[in-house]
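Novice: when you get a sec, could you give me coordinates for this:
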Amino acid sequence: MSDTIPVSTASGVIWDFVIPSEATTCSEQAIEMIDVCTRLFGTFGDFLTPIELQYGIAVFSVDRAPPFGEDTTEPMEIVKKDLRDESGLTAAEFVDSTEIEYPGVRFMPRVPIDHNQLKIRDSSGDRVIDRTDCVAYSKGEQINQQPSWDPLKLVVTYTLNTQHEDIDTEYNVHARVTLQSGIWIEQTPSGNINQKYLSGFLESIDEKLPVERVEREVYSMSDFWPDLGLQQHSESFDPRDIY
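Specialist: Next up is the predicted model:
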């Protein structure tokens, strides 16, 4: 019998791949976001297979600067996209889904790729899992419900550049990889193999996208660590040991 995978409702570790944005209008931003996400599909290999994508497209009547800051102009429409394929979604299917059926200018500030199948190693060997193989924990207690959290999530966002003075673009794209499970942290034979799988995936993102920098964050006070019985690693874990 295969092992169940503990996941926490809290985040513990993040790799944030920061990509300077050349877009200064909504129409340019949508094209750029589609390009970044398409390139990300090329990093997945056999490690990650998206099986569901849910995101929204804001539609404006005319092209304009991205609606950040004090600009509260409402789009004329929010188009919700919902794709699902248990055999795996492709980059082409994602690109097709970004089309809209009526005139307008697209703006796509966030694309979460967070419902996936993942290749991992456990006591039975290599296997492919999704959230149905997981058991969720919150505040140290098992939640009696079907998990809505993957062991790992990838979210692409487009934001104002307010934190990186040495990056001279007004906006940045972020591809953030967040761990919700400790299977990549455990110091076991399986954990060591999982770290290699994850490391290869993160390296591929860095190589295949125009990444300016990689920022790594560890939330040492997060419930992630006690939820997964990893308190001993909360202060000492260094994401650079993986990538």
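Novice: ok, L152 - contacts?
Specialist: L48, N116, L118, V177, T178, L179, Q180, S181, W184, L198 (CB atoms under 8 Å, 6 or more residues apart in numbering). The way it works is simple: take the backbone N, C-alpha and C, and place the C-beta from them, glycine included.
Novice: ok, residues contacting the one helix or strand in the chain whose mean pLDDT sits lowest?
Specialist: Least confident helix or strand of the chain, by mean pLDDT, DSSP states H and E, is strand 141-142 with a mean of 90. Residues outside strand 141-142 that contact it (CB under 8 Å, 6+ apart) are V135, A136.
Novice: and the following helix or strand past that strand, which strands flank it?
Specialist: Next in sequence after strand 141-142, counting helices and strands by DSSP states H and E, comes strand 152-160. Strand pairing for strand 152-160, using DSSP bridges, gives strand 110-113 (antiparallel), strand 171-179 (antiparallel).
Novice: so where do the strands sit in this structure?
Specialist: Ranges of strands within the chain are 5-8, 13-20, 48-60, 77-84, 105-107, 110-113, 115-122, 125-129, 134-138, 141-142, 152-160, 171-179, 213-218, based on DSSP state E.
Novice: just say which of those strands is most tucked in.
Specialist: strand 5-8 (a mean of 24; mean count of other CB atoms under 10 Å).
Novice: as a whole number, average confidence for that strand?
Specialist: Strand 5-8 shows a mean pLDDT of 94.
Novice: do stretch 212-226 as well
Specialist: 96.
Novice: repeat for stretch 146-161
Specialist: 92.
Novice: end-to-end on it?
Specialist: Criterion CA to CA, to the nearest Å; first-to-last residue distance in stretch 146-161 is 37 Å.
Novice: rewinding a little: figure out which of the strands of the chain is closest to I31.
Specialist: Each of the strands of the chain has some distance to I31 by CB to CB; the shortest is strand 105-107, at 8.6 Å.
Novice: what residues does that closest one touch?
Specialist: 26-27, 29-30, 57-64, 66-67, 75, 98, 100.
Novice: how about low-confidence regions in the protein?
Specialist: 1-2, 71-72, 144-145 (pLDDT under 70).
Novice: any idea how far the residue nearest in space to the middle of the chain lies from I34?
Specialist: Centroid-nearest residue in the chain: L154, 1.0 Å away (criterion: CA atoms, centre = their mean). Applying CB to CB, to the nearest Å, the value for L154 to I34 is 16 Å.
Novice: tabulate the contacts of L152 (a markdown table), appending distance to Q146.
Specialist: As requested, the contacts of L152 are exported to a markdown table (distance: CB to CB, whole Å):
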| residue | distance to Q146 |
| --- | --- |
| L48 | 21 |
| N116 | 16 |
| L118 | 17 |
| V177 | 23 |
| T178 | 20 |
| L179 | 20 |
| Q180 | 15 |
| S181 | 16 |
| W184 | 23 |
| L198 | 25 |
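Novice: tell me the buried residues in stretch 38-49?
Specialist: R39, L40, F41, T43, F44, F47, L48, T49 (16 or more other CB atoms under 10 Å).
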